[in-house]
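Trainee: Let's see this in three dimensions:
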Amino acid sequence: MELFEKKFYESMSSKVALLNRITYYIVNRKGKQMRPMFVFLTAKMLSGGTVVERTYRGACVIELIHTATLVHDDVVDDSNRRRGFFSINALWKNKIAVLVGDYFLSKGLLLSIDHGDFDLLRIISVAVREMSEGELLQIEKARRLDITEDVYYEIIRQKTATLIAACCALGARSVSDDEVLVETMRKFGELIGMAFQIKDDLFDYTDDAIGKPTGIDIKEQKMTLPLIYALNNCSNKEKSWCINSIKNHNKDKKRVKEVIQFVKDKNGLHYAEQKMMQFQQEALALIQNFPDSTYKDSLTLMVNYVIERKK
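Mentor: Numbers count the residues shown, from 1 in each chain. Below is the predicted model of the structure:
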């Protein structure tokens, strides 16, 4: 990871001083860095412990693209905080934040092209396309609040799971030409991503110390799994009260608390937890036949961390 961080910082460098200041700010406020870890651990599990230059490039590209999407997300959500610090748009305004996101995106693409990693580029480009589609699908559906569980899974698969799927596929592809193997690891990442997002949804209903306040998804009219389950398992009267609360009273703290309680009473949290565990178990089943190694153990630890984390 230390070597990766050095390479990652180098891959962001620019002749423009302003960009370098922003890059420096981003690099020093890094998050959990789960994505590069998935790239490295997948590659090591499959290769028996070796990572090649291509693996580092794959991890850098993923982190560049991920950073670009976060910077753009904060502009879209008009968010002033990111990981407890000021967001780029809060410090440098939207126009700069959008351009910085574009810069990271192009840097990521060029890093692959300059080294002829077209197979890696394909994996990443598909992920970017799907993430954009997922966000737009969510926006389209949020207006009507009529989301089904299947549509919800499709949204989170595209929005969150595709990037983690791309990490595992990249890690595999960087050390192996075996398409079946790459696809297995892609699916593994996708299932972890699904569990990861459901865990995020559950944070909205708990008072845990996480970087996002309780009830924020309800305030933003985002349909999460606990809420979808509650709406599908209540009377018509309760349903219209709940939808009305989310649509017209989402700034009312007392009403938001009532909605959270309603979801809890309808077993929405329990149901979402069960689904999260199901995705976790499916992911672990995909790697159980690989030979035992410290890398496989670490991947298993990561999968468990995804659903046990407190933030």
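Trainee: going forward, measure contacts and count neighbours with C-alpha atoms only.
Mentor: Will do.
Trainee: so what's residue 15 scoring on pLDDT?
Mentor: With respect to pLDDT, residue 15 scores 85.
Trainee: Can you give me the neighbour number for it?
Mentor: Neighbour count of residue 15, defined by other Cα atoms under 10 Å: 7.
Trainee: Double-check that it belongs to a helix.
Mentor: No. Counting by DSSP: H, G, I helix; E, B strand; the rest coil, residue 15 is not part of a helix but coil.
Trainee: That one and residue 23, how far apart?
Mentor: 12 Å (Cα to Cα, to the nearest Å).
Trainee: Enumerate every residue touching residue 219.
Mentor: By Cα atoms under 8 Å, 6 or more residues apart in numbering, the contact list for residue 219 reads 246, 250, 251, 256.
Trainee: 7 Å - rerun?
Mentor: Contacts for residue 219 (Cα atoms under 7 Å, 6 or more residues apart in numbering) come out as 246, 250, 251.
Trainee: Could you do residue 41 as well?
Mentor: Neighbour list for residue 41: 295, 299 [criterion: Cα under 7 Å, 6+ apart].
Trainee: One more pass at 8 Å, please.
Mentor: Counting by Cα under 8 Å, 6+ apart, residue 41 touches 171, 295, 296, 298, 299.
Trainee: What backbone torsions are found at the first one?
Mentor: So the one you mean is residue 171. Torsion angles at residue 171 (phi, psi; degrees, to the nearest 10) stand at phi -60, psi -40.
Trainee: residues near it, how many?
Mentor: Neighbours of residue 171 using other Cα under 10 Å come to 34.
Trainee: Repeat that for the second one.
Mentor: Using other Cα under 10 Å, the number of residues around residue 295 comes to 19.
Trainee: returning to what we had before: reformat the contacts of residue 219 into JSON lines and put distance to residue 35 and neighbour count next to each item.
Mentor: Listed next are those as JSON lines, based on distance: Cα to Cα, whole Å; neighbours: other Cα atoms under 10 Å:
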{"residue": "246", "distance to residue 35": "33", "neighbour count": "23"}
{"residue": "250", "distance to residue 35": "33", "neighbour count": "22"}
{"residue": "251", "distance to residue 35": "34", "neighbour count": "15"}
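Trainee: you'd agree residue 191 is up against residue 283?
Mentor: Yes. Between residue 191 and residue 283 there is a contact at 5.5 Å, judged by Cα atoms under 8 Å.
Trainee: if I've got this straight, residue 291 is in a helix?
Mentor: No. Applying three-state DSSP, one finds residue 291 to be coil, outside a helix.
Trainee: Mind listing what's buried along the longest helix seen in the chain?
Mentor: In the chain, assigned by DSSP state H, the helix with the most residues is helix 88-114. Across helix 88-114, burial judged by 16 or more other Cα atoms under 10 Å covers 88-90, 94, 96-98, 100-105, 107-112.
Trainee: Kindly report the same for stretch 267-284.
Mentor: 267-270, 272-273, 275-277, 279-281, 283-284.
Trainee: Equivalent analysis for stretch 177-194, please.
Mentor: 182-194.
Trainee: In helices, which of the residues you listed fall?
Mentor: Here DSSP H is the test, and the buried residues of stretch 177-194 give 182-194 as lying in helices.
Trainee: correct me, but residue 269 touches residue 263?
Mentor: Yes. Counting by Cα under 8 Å, residue 269 does reach residue 263; the two are 7.2 Å apart.
Trainee: can you tell me which two in the buried residues of stretch 267-284 are farthest apart?
Mentor: Within the buried residues of stretch 267-284, 267 and 284 form the most distant pair, 26.1 Å apart (Cα to Cα).
Trainee: so residue 226 sits right up against residue 265, yeah?
Mentor: No. With contacts counted by Cα under 8 Å, residue 226 stays clear of residue 265, the gap being 10.7 Å.
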